[in-house]
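Q: Here is my input; please provide its structure:
(4 chains)
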Number of protein chains: 2
Amino acid sequence: MDDPRWLDESEHGAWCSYIAMHARLMAQLHRQLQHDAGLSLADYDVLSQLTNHPAGRARVFELVEALQWEQSRLSHHLKRMQGRGLVTREYCPDDGRAALVVLTPEGRSAIEHAAPRHVAAVRDLVFDVLTPDQVAGLRAVAEAVLDRIEARDDGSAAT
Amino acid sequence: MDDPRWLDESEHGAWCSYIAMHARLMAQLHRQLQHDAGLSLADYDVLSQLTNHPAGRARVFELVEALQWEQSRLSHHLKRMQGRGLVTREYCPDDGRAALVVLTPEGRSAIEHAAPRHVAAVRDLVFDVLTPDQVAGLRAVAEAVLDRIEARDDGSAAT
DNA sequence: CCGGTCTACTTGACATGTCATACACCCCGA
DNA sequence: TCGGGGTGTATGACATGTCAAGTAGACCGG
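A: The predicted structure follows:
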């Protein structure tokens, strides 16, 4: 384990730029969303997922899958969103353990108000400065890393 | 402002993959670091920055610059790290307002213990699955986005 | 040398995220 | 049908991050 290969100049530079970019980008998008629509990025992601499901209704674990969040993070977050009237919970007749999360009318109108502005911000800060090749490259990178992480997870789970 | 260009298939896919990758990657790296060295990613970044400065000693605002953190986040975090004996504060004779942050021996040995393992993990999950071209591409993307964010910041600050 | 204004940092209140744990319910074999 | 072992979700304690406000020293024009 001692003295593995360190990162070379190019790798180190890429890593630092990446970290800095993510921090600044998310801070920026968060502030914009908060200012324009009173939502956090987290709220947005949840609402956005719900609109991808029929009738704005989904199981908690479906959202966990889609968002790649910790289960308890989602649970806490849903409670707060419920407090603010953005979502409700419904009983699920099929499975007594389940919790159905449902978009309220307020939730729907919040996301409908927020979405165009948020997308515009993402486009302005990210996609407008990238070529189509770079977009494809970014996706390839993200998917390669995700695959690796999944492989590692399986490996350790199987142990 | 109504109905701006939405993201196309390729952009949307890239964005979702990117978000998911970041969440999983950081969670993974955090757990690994926590497990191997009892440090959080945040601790690691701070300590790592300090080792880049002569005598493991730096001004708070230098760290803010380098890490791209909120000022108060760093302030709170330094207090906790000080509580755990990883860093100390020293008075700065040049400027009475300043706070010098100094790496303690424990801090130094913590980062020296953590670094090889952390770097190995980053390499394993990220750079080992990327080609040199992809690394260069990632860096180019990150820098392009950072430049844009800075341009926007200057613009709004100048208004 | 006085006041205003900037700069560097800290603080407190509060929002958010994590980990471990609890809990109710499903499933399945004896 | 009883019990044991998952599954799906919630919760409590606590770590972390954010925003707004506070403090204190520096700088500068009169």
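
Q: Show me what from chain A comes close to DNA strand D.
A: Within chain A, the positions adjacent to DNA strand D are A:27, A:30-31, A:34, A:59-61, A:64, A:71-72, A:75-76, A:78-79, A:89, A:95, A:97-99 by C-beta under 7 Å from any atom of the strand. C-beta coordinates here come from the backbone N, C-alpha and C atoms, glycine included.

Q: Among these, which lie within helices?
A: A:27, A:30-31, A:34, A:60-61, A:64, A:71-72, A:75-76, A:78-79 (DSSP state H).

Q: returning to what we had before: contacts with DNA strand C among the residues of chain A next to DNA strand D, please.
A: Restricting these to those adjacent to DNA strand C (criterion: C-beta under 7 Å from any atom of the strand) gives A:S72, A:H76, A:D95, A:R97.

Q: A:R5: how many residues sit nearby?
A: With neighbours defined by other C-beta atoms under 10 Å in any protein chain shown, the count for A:R5 comes to 11.

Q: and what of A:V101?
A: Using other C-beta under 10 Å as the criterion, the residues surrounding A:V101 number 24.

Q: Could you report the distance from it to A:L50?
A: Look at A:V101 and A:L50: by C-beta to C-beta, to the nearest Å, they are 7 Å apart.

Q: Could you name every residue contacting both of these two?
A: Taking C-beta atoms under 8 Å, 6 or more residues apart in numbering or on different chains as the criterion, A:V101 and A:L50 both touch A:R57, A:A58, A:L63, A:V87.

Q: Return the entry from the residues you listed with the maximum number of neighbours.
A: Among the shared contacts of A:V101 and A:L50, where neighbours are counted by other C-beta under 10 Å, the top count belongs to A:V87, at 25 neighbours.

Q: Show me the shaky parts of chain A.
A: Filtered on pLDDT under 70, chain A yields the residue ranges A:1-4, A:154-159.

Q: residues from it in reach of DNA strand C?
A: Chain A has residues A:40, A:42-43, A:69-70, A:72-73, A:76-77, A:80, A:95-97 near DNA strand C, with proximity defined as C-beta under 7 Å from any atom of the strand.

Q: Which of those are buried? Put it as a PyMOL command.
A: Entered in PyMOL, the line below selects the buried ones among these, by 16 or more other C-beta atoms under 10 Å in any protein chain shown:
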select buried, chain A and resi 42+43+69+77
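
Q: And the residues of chain A next to DNA strand C, which is closest to B:A20?
A: A:W69 (10.1 Å; C-beta to C-beta).

Q: if you skip the residues just before and after it, what's nearest to that closest one?
A: Among residues not flanking A:W69 along the chain, B:A23 sits closest, at 7.2 Å (C-beta to C-beta, 6 or more residues apart in numbering or on different chains).

Q: For that neighbour, give me its contacts.
A: For B:A23, the set of contacting residues under the criterion of C-beta under 8 Å, 6+ apart consists of A:L67, A:Q68, A:W69.

Q: Can you give me the distance of the residue lying closest to A:Y91 once chain neighbours are set aside to A:L50?
A: Here the nearest residue to A:Y91 in space, its sequence neighbours aside, is A:L100; by C-beta to C-beta, 6+ apart that works out to 7.2 Å. Counting by C-beta to C-beta, the separation of A:L100 from A:L50 is 11 Å.

Q: which residues do those two both contact?
A: Counting by C-beta under 8 Å, 6+ apart, the contacts common to A:L100 and A:L50 are A:R57, A:A58.

Q: who has more neighbours, these two?
A: Each of A:L100 and A:L50 had its neighbours counted (other C-beta under 10 Å), and the higher figure belongs to A:L50 (25 against 18).

Q: Is it correct that the more buried one falls within a helix?
A: Yes: going by DSSP: H, G, I helix; E, B strand; the rest coil, the assignment for A:L50 places it inside a helix.

Q: Could you provide the contacts of B:A23 in TSV, with additional columns for secondary structure?
A: Formatted as TSV, the entries for the contacts of B:A23 read as follows, by three-state DSSP:
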residue	secondary structure
A:L67	helix
A:Q68	coil
A:W69	coil
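
Q: and which of those residues is nearest DNA strand C?
A: Lowest distance from DNA strand C to the contacts of B:A23 (C-beta to the nearest atom of the strand) belongs to A:W69, with 6.1 Å.
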